[in-house]
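Asker: Everything below, folded, please.
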Amino acid sequence: MTSTIGPGPRNLITDVDGILVGNAEDPLVRTGTTVVLPMMRCPAGVDVRGGAPGTLNIDALHPASLRHEVDAVVLSGGSMYGHGAAHAVVAELGTQGRGIAFGGAVIPVVPGAIIFDLANGGDKQWGAVPPYDRLGRAALAACGRDFALGNAGAGLGAQSGPVKGGLGSASAITAEGWQVGAVVVVNSFGSAVMPGTNRFWAWPLELGAEFGGLGPPADPAWRADPEMPLPPGSALDPLANTTVAVVAVNVALDKGAAQRLAIMAQDGLARAIRPIHTPFDGDTVFVLGTGAIPLAGPAMLARLGHLAADVLARAVARGVHAAAALGDRPGWRDLLA
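Answerer: Below is the predicted model:
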């Protein structure tokens, strides 16, 4: 059976019309920031599943809140220091007149989420001036349709289980013209790679050879170990991991639909990373709806959520596949077949 669903021309979240992405990095610090910028303010939702999240301004996206449109979403390294990138994006967008007009002021709404990358060997002796203000401004200025994966943006300092993590992205376009895209910073406690192999848990979802085209493990007798594996040299540190993502669709979403889509999209992390949503992760998924196509009802929402989960799973694998070795983590290409 031939599928009518395929990746967009870039196989990036920017295949969703109206979505731009920018990256900025500091190689000496081994950290970076990624900004997802809708060209127009759009509805958003969020779902948090990890036990140690580091989020900013997500209560504004709750269905009970007055408004749920956003001007950007910021994903950053730096743990709590990384929220400085989102504050910088707020300041820059404010100078552009972007945001909610209220009381004579313009207030940009910019939620965000961070990963822990403070123990990856980079120079973190920044004193009273962390780098995230300038990284946020630089990532915003870099926003466009094309952007790098792997050791890029917030993925520069990321680690994923036993290998180097990174920034991943993927997209899908349906015959009806629905556009679904995801960008993800893979900094997971669990592994995107099947233990003892260089195969990805997400291999059944791969389109073409977007993350190597290797398929399942070569050994037909391979079975997953039921015990939870630990990354080499790891400690059970509740602050050390997190996978954060943004999913975008070209569909009009109300508050409830945006949150439901974020909930369903989280399943993509479970399809691509094992284990996931642990007490040591802060897994957070944002959803943006650019509104070009009306949402026809719950059946359409269910299909969008299924697509979003698969696209996010593919994005996870693409991020690890594109990442190069850094510090004590080998890159995917360093693994034995």
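
Asker: Buried residues in stretch 192-212, which are they?
Answerer: 192-194, 197-203, 205-207, 210-212 (16 or more other C-beta atoms under 10 Å). All C-beta atoms are positioned from the backbone trio N, CA, C, and that covers glycine.

Asker: And the residues you listed, which two are furthest apart?
Answerer: In the buried residues of stretch 192-212, two members sit farther apart than any others by C-beta to C-beta. They are Thr197 and Leu207, at 20.4 Å.

Asker: which among the buried residues of stretch 192-212 gets closest to Ala175?
Answerer: Using C-beta to C-beta, those come closest to Ala175 at Leu207, 15.0 Å.

Asker: What distance do you get for the closest one to Leu28?
Answerer: 36 Å (C-beta to C-beta, to the nearest Å).

Asker: ok, now Ala172?
Answerer: Taken as C-beta to C-beta, the span from Ala172 to Leu28 is 37 Å.

Asker: more crowded one of the two?
Answerer: Ala172 (24 against 11; other C-beta atoms under 10 Å).

Asker: host element of that one?
Answerer: Assigned by DSSP states H and E, Ala172 belongs to strand 166-173.

Asker: residue contacts, the closest residue to Asp17 other than its chain neighbours?
Answerer: Excluding its sequence neighbours, the residue lying closest to Asp17 (C-beta to C-beta, 6 or more residues apart in numbering) is Asn250, at 5.5 Å. Going by C-beta atoms under 8 Å, 6 or more residues apart in numbering, Asn250 touches Val16, Asp17, Gly18, Gly177, Trp178, Gln179, Gly289, Thr290, Gly291, Ala292, Ile293.

Asker: Can you tell me what sits against the helix or strand of the chain with the lowest mean pLDDT?
Answerer: The weakest-scoring helix or strand in the chain, judged by mean pLDDT, DSSP states H and E, is strand 100-102 (a mean of 88). By C-beta under 8 Å, 6+ apart, the residues outside strand 100-102 that reach it are Arg67, Glu69, Val106, Ile107, Pro108, Val109.

Asker: what about Met174, distance to Trp222?
Answerer: Check again: residue 174 is Thr, not Met. Relative to Trp222, and taking C-beta to C-beta, Thr174 is found at 33 Å.

Asker: And Ala192, by the same measure?
Answerer: From Ala192 to Trp222 the distance is 16 Å (C-beta to C-beta).

Asker: can I assume Phe286 is in contact with Ala72?
Answerer: No: contact criterion C-beta atoms under 8 Å: Phe286 and Ala72 do not qualify, at 10.5 Å.

Asker: what touches both of the two?
Answerer: What both Phe286 and Ala72 touch, as defined by C-beta under 8 Å, 6+ apart, is the set Val36.

Asker: Using CSV, write down the CA coordinates of the longest strand along the chain.
Answerer: Secondary structure assigned by DSSP state E gives strand 284-293 as the longest strand of the chain. Extracted C-alpha coordinates of strand 284-293, given in CSV (Å, rounded to 0.1, in the frame of the first residue of the first chain):
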residue,chain,number,x,y,z
THR,A,284,7.7,19.2,27.4
VAL,A,285,5.9,19.6,24.0
PHE,A,286,4.4,22.8,22.7
VAL,A,287,1.9,23.0,19.9
LEU,A,288,1.3,25.9,17.4
GLY,A,289,-1.7,26.2,15.1
THR,A,290,-1.2,28.6,12.2
GLY,A,291,-4.8,28.4,11.3
ALA,A,292,-4.9,28.1,7.5
ILE,A,293,-7.3,25.1,7.5
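
Asker: can you map out the strands along the stretch 51-200 of the chain?
Answerer: Ranges of strands in the stretch 51-200 of the chain, per DSSP state E, counting those that start in this stretch, are 55-56, 69-70, 73-76, 100-102, 105-107, 112-114, 159-160, 163-164, 166-173, 179-186.

Asker: And those: which comes nearest Gly150?
Answerer: strand 166-173 (4.2 Å).

Asker: neighbours around the residue nearest to Ala325 when sequence neighbours are not counted, how many?
Answerer: Excluding its sequence neighbours, the residue lying closest to Ala325 (C-beta to C-beta, 6+ apart) is Gly331, at 4.1 Å. Counted by other C-beta under 10 Å, the residues lying close to Gly331 total 18.

Asker: Sounds good, over and out.
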